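Student: Generate a structure from the sequence data that follows.
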Amino acid sequence: MNLAPVKKMSRSELLRERSAHTAMAVHGAAIEGAVQVTLMKLSENLAAAAARFEAPVHDLPDHATPSEVSKARSRRSVRKGRLVYLPSWKDLCTGLPNALLRSALFSAEAIGSAMPAEGVAFPEREVPAYGDVSLIVHGAKLGSYDRQVFAACLDYYRELPLQKSGDRAGINVTYYEFLKNMGVTYGLGSHTALRASLKRLATLSLFVRSKGLEVQVPRLIEVAFADSDARQDGKPLGSDIIVLRVLESVAELFGPAAWTSVPHEALRSGKGLGSWLSSFYSTHNAPYGISLDKLHAQSGSPASRSVFKFKLKAALDSLMDSAVPDEFRVASYDLGSTCLTVHLARWKASKKLSENESQEPSETACPPGPPSEALSTVGRHSDATHACEPEHATLIAP
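Tutor: Down below sits the predicted model:
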C-alpha cells in the first residue's frame, strides 16, 4: 500500500518553527513599517496556533499521578512513559473514532461470514467519509457486525496499554467469552461469524487525513487462533482460544474531539442501514440537514438511489419504535427529495433540560455542512441524564 510517509515533525513543532523563522525575518532585515507589522502579526498567529494545537496522544511522564492520567484520558489517548492507553469511557459504551463512524468503512452492505482468503492482495481504495476527511483503506470490506466486533476488541483495552506489532503477549479469550461480552449467544453460526470478522479486521490498514493532521494505522488489530484448525477433529468449541492484540497506532485515531462513546445498545441495534444510522447519529448532538446523495455514499449502501431512499425510510421508521433506547431513538425526521433531517429523542430531552437553549427553528434546506453545535465530539461521560452523555464536549464542524 502506497501510504503517505509519517511526518517526523509534529504539527505544533512545525507551526512554532514557522513562527520563529517569520520573527527572525522581521528582525533580520530592514522592512517597511507596515510590512513589518504584518509579518509580526503572522508570527504571533502561528505561535498561537501552535499553542492551541493538541496532538492525538497526550504525552505524560512515567511519574504522572493517577488523577493526571485520568484527566488526560477523558479527552484523548495517553502515552505514559512507554505505555500507550486509549481514552476512558464508561460501562455500557465504547469509544470509537468519528472518522470511522462517519464513513462507509463499516458499511451498510451485507458482508455475511465472508472469510478473507489467505495471501489475497487487497486493492487500495478511498472510502467515502463525512466532512473534510480523506480515508484510504487497504483490506477486506467491512460491515456493521465488524463494527460491533471491533468495539468489543477495544473494550478489552479500556484499562490496559495497547500493544506493539508482533508482541508475544496478547489478550487470550475464548470464543464463548468474547461473544458473551458482545451480547451474542454462542453457537456454531456465531463462532464462524466471529472468526471471519476478526480475520477481516486483521487485514485492514488505514490512512486518515483530517484538518491537516495525518494518521497512519498499519493494522487495526492482530489476531491468532488456538481453535479447531489446530485439532484433528476440526470441530469448533466455545472454549477455543482467540489471541488478540490492538496496536498502539490505533491510539492516533482518538485525539481531542475525534471520538465518541457509542452505547452498546446502538452498536447491537440490528444490522445494515439501521445499525449504520445509529452509530452515525451517535456522533452528533443536534439536528441538521444532510444531502441524500452524500448519505448514500457515506453509508456504503450498494442499493440504487431509489432503493436506498426506500430502505432509509424503513430504517428510520424502525428506529422510531418506542422500544428503542432514547440515546439513539429517532423522535422524528423530515425526508425530502434530496435531503434528510433527523431529530433524536435524546436531543429533545437535552433541550428540555437546558434553560438557556435558543429556540431557533431548524433548517429545512441542506446546508453545505452541519453547524458546529451539531457535531458531538465527546470524551469523558457523566452519570447525569444518559449513560453515555458527555460531561464536557469540544464542538467542531468538519
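
Student: what bridges to the residue most central in space within the chain?
Tutor: Central residue of the chain (CA atoms, centre = their mean): residue 97, 1.5 Å from the mean position. For residue 97, the beta-bridge partners are residue 259 (DSSP bridges).

Student: mind checking pLDDT for it?
Tutor: pLDDT, residue 97: 95.

Student: Now do it against residue 279, distance only.
Tutor: Distance from residue 97 to residue 279, counting by CB to CB, to the nearest Å: 11 Å. To be clear about C-beta, it is placed using only N, CA and C from the backbone, and glycine gets the same treatment.

Student: what do you get for residue 190?
Tutor: Distance of residue 190 to residue 279, computed by CB to CB: 21 Å.

Student: For these two, indicate the residue with more neighbours.
Tutor: Using other CB atoms under 10 Å as the criterion, residue 190 and residue 279 rank with residue 279 on top: 24 against 18.

Student: Quickly find the element holding the more buried one.
Tutor: helix 272-282 (DSSP states H and E).

Student: Buried ones in that helix, by neighbour count?
Tutor: For helix 272-282, burial by neighbour count (16 or more other CB atoms under 10 Å) applies to 272, 273, 274, 275, 276, 277, 278, 279, 280, 281, 282.

Student: mind putting the residues you listed in TSV, pLDDT included?
Tutor: Below are the buried residues of helix 272-282 laid out as TSV (pLDDT from 0 to 100):
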residue	pLDDT
272	89
273	94
274	93
275	93
276	95
277	95
278	94
279	93
280	94
281	93
282	91
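
Student: residues touching residue 96, list them.
Tutor: 147, 150, 151, 154, 259, 260, 262, 279 (CB atoms under 8 Å, 6 or more residues apart in numbering).

Student: now it: how far from residue 186?
Tutor: Taking CB to CB as the measure, residue 96 falls 25 Å from residue 186.

Student: Run through the neighbouring helices and strands of the helix holding residue 279.
Tutor: Helices and strands touching helix 272-282, by 3 or more CB pairs under 8 Å, 6 or more residues apart in numbering; DSSP states H and E, are helix 98-101, strand 106-107, helix 144-155, strand 259-263, helix 264-267, helix 292-299, helix 305-318, strand 339-344.

Student: Just the CA trace of it, in PDB.
Tutor: The C-alpha trace of helix 272-282 is given here as PDB (Å, rounded to 0.1, in the frame of the first residue of the first chain):
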ATOM      1  CA  GLY A 272     -27.300  -2.900   7.700                       C
ATOM      2  CA  LEU A 273     -28.500   0.600   7.300                       C
ATOM      3  CA  GLY A 274     -30.300   0.900  10.600                       C
ATOM      4  CA  SER A 275     -27.200  -0.100  12.500                       C
ATOM      5  CA  TRP A 276     -25.100   2.400  10.500                       C
ATOM      6  CA  LEU A 277     -27.500   5.200  11.200                       C
ATOM      7  CA  SER A 278     -27.500   4.500  14.900                       C
ATOM      8  CA  SER A 279     -23.700   4.800  15.100                       C
ATOM      9  CA  PHE A 280     -23.600   7.800  12.700                       C
ATOM     10  CA  TYR A 281     -26.100   9.900  14.700                       C
ATOM     11  CA  SER A 282     -24.400   8.900  17.900                       C
END
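
Student: same for the helix or strand harbouring residue 190, what does it pack against?
Tutor: Using DSSP H and E, residue 190 sits within helix 188-202. Counting contacts by 3+ CB pairs under 8 Å, 6+ apart, helix 188-202 is packed against helix 144-155, helix 175-181, strand 221-226.

Student: list the buried ones in that helix?
Tutor: So, applying 16+ other CB under 10 Å, buried residues of helix 188-202: 190, 191, 193, 194, 195, 196, 197, 198, 199, 200, 201, 202.

Student: Flag every buried residue along stretch 134-141.
Tutor: Across stretch 134-141, burial judged by 16+ other CB under 10 Å covers 135, 136, 137, 138, 139, 140, 141.

Student: do the same with stretch 285-297
Tutor: Of all the residues in stretch 285-297, those buried under the rule 16+ other CB under 10 Å are 285, 286, 287, 288, 289, 290, 292, 294, 295, 296, 297.
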